[in-house]
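**Q** With the sequence up front, the predicted model follows.
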Amino acid sequence: MTETLQICEPAVLAEQLRSEPAALPQLIAPLSDAEAAALTDYLKGEADRHWWINANRSIEFADLIIAIGQARGNTWQVALGTMARGDALKFVGNIVEAWDLLGQAGKLFESVGDAIGWARTRIGRLLISVELSHVAEALADAARARAIFTGANEWMRLLGLNNNTAIVYATLGDYQRALEMYGAALTIAEQLGESGQRQISLLSIGIGYAYEMIGNFQQATAAYERAHTLFGAHGELRGMALAEHNLAYVAMGQGLYRLALQRLHHARDIYRAERLELDATHVSRGMIECLLLLNRNAEADTLAHEVAAVYRAVRSKYREAATLVLLATAQARQGTLAAASATLDQAEQLFHSIGAQAWAATAQLRRGQIALRTGNAAAALAAAAATASIFQATGKQLSAAEAILLQSQALLASGQLVAAQAQARQALQIAKRCNAPTLRYSAHLLGGTIAEAHGQPARAARHYTAAMATIDRVQRGLTITLRPAFLDDKRDALPGLMRLRLRAGQHSAAFETLEHSKSQALLSHLDNREQLRWSSADPQCQALLERLELLRQQHHWFYRRAHELLVDHTGEECAIDTARARSELADCARALRDTTERLYLCGEIDHMAERRVLRLAEVQGCLDPHTVLIEYYDDGESIWAFTLDAGRIDAHQLGPIAGSVGQLIAQFQANIDFALKAGPHNPATAGLTVIARRMLQRLYALLLAPLEARYAAANRLIIVPYGRLHYLPFQLLIAGSSYLIERYELVTLPTAALIARSAPHRQGATILTHSWEGRLRHTAAEGQVIQRYFSGRHYCEAEATRAVLQQAPAQILHIAAHGRHRLDQPELSYIELADGQLYSDDLLQHDLSYELVVLSACETGRASVAAGDELIGVGRGFLYAGAGALITSLWRVADDTTITLMQGIYAALHMGCSKAAALRAAQRAVLAEAPDLHPAFWGAFQLMGDAGPLSA
């Protein structure tokens, strides 16, 4: 009796069939028709249930149904299994075979007189009709199926049919009709009790999408979150991933790009774990959109090519075309306009072939934006007007606003200011209503430009201020890796507002505006340093950390093969394939960046609070009577300088010198490189010294001579550079025949706001010295000098590891080692220690709130200037990690000269001199010994941060 019950139990028998498929004939033969029907019904239910768990398992269940039908000669069961297989194939990307199988299943059902069975096959066909250009046929069949289901009171199947019909309308851009069909399906689901509840999750996804497309993010979020909860309650991982994928799109629309990327990565990880590669590709398409919003156009370009190729292979025309529009956007932003236009041609052809006119309008809008960039305002205006009406008719509010904004830009380019202002105002209203920050920024920026052209400075200032505030709110939610690229194309509001302030003589307001722009990100990170630290408790983060360490080892190895001469243990040179090493190095660098970014994304998402920017009076209150602060501003043509002392501020227009200054800085850097290669005693170096002095005199004449009256009586100058001026060693500028460091103490700050930060008070020293395999012979002796003055622990050679930085900070951190600034990839700049390269991101994981950090390593003071005047390099890492002051080098420094400088610096600090005075005294001492020495050999070091003496 027990054995018979086990054979007839559908779940038990199904498991036996899955584990022993060869035994199917013997297991099926004893079953009655009723038992066989119960078994195939059970298998069909399992096949459907696994759509959202693992679609490959669904195919296995479908194949069992077909095999049972064939074994028993039951056409209806073969039809059922064929339909189940066709439905499952949709979810693994084989849509062509899916369409054909569903058609075969329909014919099989009709052959046995089952109209309801035929109608069931039309539910699944709807979902792939758009990609295969069979929309008209699918909708006609759906109308016939709807009548069949209604007449037979098949409410659950009618629900599925209405849901899939709604998806078709949404895909075609008809969101109002989609919402109507979703509403009809939802009404049925809510009347079906428990069985209907299982369908509400899928319906909620569709409803959320339709609301998202018409810009109603609140309703969209509510629908997606409801779906996520319901999927989770039933353990449907694929469904949960789908909900997360869609919630990511809402986050993108609201400017929450970090949250969006976090959700996208999580969804894609789920899909890949379940071997659902096509679903993972859909998420990758979402990542392309997010990368474009973050202005990471090269990465978006690469990923778009990959994703479009996948869709082309599976003949998904709609998704391929949508991806091509994204690719064209990336291409246009990178300046390859001809390629972008050709890509849009392909996209439009595909959209027209499937009848997706609303999506074709998106391609047309992109074409209009390209026309405006090439100066064809008339073509841009025509494209904008045509697409705006299409988007408004289909309820795509954000796309409509984008088209209206293009109209305004084209009208402005044509000189039609009144019409342009009206259109800009309309675009701004939509952006505000939909809470779309990037669009809101663009509308405010355009509004400011138009108002300024109209001679309305107050209105223009309000628009520019609002544009800056909008972007500031977004960037506070970004990781340190995402922010620079995002800000790169959002620089225009600051010049507009600065222009208005300076033109009106509002020097205090102009200074505070500049400081707000420069200081907000830096001060927010200093106040929220814990948000920069990676979690090691989370299993996902732990796996990423392990991958990061492996990648760094590989990167270090390939970097040495690509850039250094390697010798094996026998003393023979290794055979080095430099080209291959550099290719591998580039791949490794990309993987490093991706992994690092994932680690930052893993952290808790918490918008950093807006930090109150110091008022002018507060900055002045930090200046003693003998100190003058000079802060520069470069609008791309003219350079301005603000001079502040304790009681006065002046703004000085230095004129259209930006180009000349940039050329002189580049020439001086080349001169430094030539001198370092030649050496201090090479006869050619004397000529280089003469040339260098001329350039430094010229730079002084351009940048400081016009300000002399303001700082002549000062003892200390605090320099706050801007843009390319961050690359300039101000201490070396020459007034008359004297270097500036001979006359003044010099301090450099990235923002004036740092002057108000209290320096930490510590005791002792932590000293790391590493000779880079013997190439830096004096590092150990250098460490002994510091230890003699300030005690502390000296970690030499093999002991000088990254782990030392995990210790509690002391008063001084001194690192004497090889360092390199990567101009091509500044985030991969490093200091070479015994256990590998120490990157800026490593520094952010530690509390490095030392009073003074001295980096006696090559190029540790160099940085690349990103948007928002943010510095990217090793020095920034120490600053963000809490260092009170930094002494760093701007270029490669000679090992023997460095030990002399360090001896002078630490002797002066030990005597109680300020940090600024100590560095000045050391550099002057070297110069006094060799007055004609090229500045390359003594002037590399500069002080950043707190200039006062050590606390004890």
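**A** Received it, and whenever you're ready, just let me know what you need. Residues are numbered from 1 along each chain as shown.

**Q** Please count neighbours and contacts with C-alpha atoms only from this point.
**A** Will do.

**Q** What helix or strand is K518 located in?
**A** helix 507-527 (DSSP states H and E).

**Q** Can you list the helices and strands that whatever helix or strand comes next after that helix packs against?
**A** Once helix 507-527 ends, the next helix or strand along the chain (criterion: DSSP H and E) is helix 539-563. Other helices and strands packing on helix 539-563, by 3 or more Cα pairs under 8 Å, 6 or more residues apart in numbering; DSSP states H and E, are helix 578-602, strand 836-839.

**Q** Secondary structure class of the residue nearest to I471 when sequence neighbours are not counted, three-state.
**A** Leaving aside its sequence neighbours, I471 sits nearest to Y441 (Cα to Cα, 6 or more residues apart in numbering; 6.7 Å). What DSSP: H, G, I helix; E, B strand; the rest coil gives for Y441 is helix.

**Q** residues contacting R198?
**A** By Cα atoms under 8 Å, 6 or more residues apart in numbering, the contact set of R198 is L230.

**Q** Also the one 4 residues further on?
**A** In this structure, L202 makes contact with 227, 239, judged by Cα under 8 Å, 6+ apart.

**Q** gap between it and E225?
**A** 12 Å (Cα to Cα, to the nearest Å).

**Q** on that earlier part again, pick the most buried one from the helices and strands packed on helix 539-563.
**A** strand 836-839 (a mean of 20; mean count of other Cα atoms under 10 Å).

**Q** That one - which strands sit beside it in the sheet, and in what orientation?
**A** strand 830-833 (antiparallel) (DSSP bridges).

**Q** show me where pLDDT drops low in the protein?
**A** 1-8, 52, 563-577, 604-611, 823-824, 857, 859-872 (pLDDT under 70).

**Q** center of it, which residue is that?
**A** Nearest residue to the geometric centre of the chain (Cα atoms, centre = their mean): L482, 3.5 Å.

**Q** gap between that residue and D492?
**A** 19 Å.

**Q** quick one on the thing from earlier: nearest to G621, out of the helices and strands packed on helix 539-563?
**A** strand 836-839 (36.2 Å; Cα to Cα).

**Q** CA atoms only for the closest one, dumped as PDB, please.
**A** C-alpha atoms of strand 836-839 as PDB (Å, rounded to 0.1, in the frame of the first residue of the first chain):
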ATOM      1  CA  GLY A 836      53.000  46.100  -2.300                       C
ATOM      2  CA  GLN A 837      51.600  49.400  -3.500                       C
ATOM      3  CA  LEU A 838      49.700  51.700  -1.100                       C
ATOM      4  CA  TYR A 839      46.900  53.400  -2.900                       C
END
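
**Q** circling back to that earlier point, would CSV of the helices and strands packed on helix 539-563 with distance to H463 be doable?
**A** Below are the helices and strands packed on helix 539-563 laid out as CSV (distance: least, Cα to Cα, whole Å):
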stretch, distance to H463
helix 578-602, 32
strand 836-839, 40
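
**Q** Out of the ones you listed, which is closest to M695?
**A** Comparing these by Cα to Cα, strand 836-839 comes nearest, at 33.4 Å.

**Q** What's the first helix or strand after that closest one?
**A** Heading C-terminal from strand 836-839 (DSSP H and E), you reach helix 840-843.

**Q** neighbours around T187, how many?
**A** 14 (other Cα atoms under 10 Å).

**Q** cool, and the one 3 residues further on?
**A** Taking other Cα under 10 Å as the neighbour definition, E190 ends up with a count of 14.
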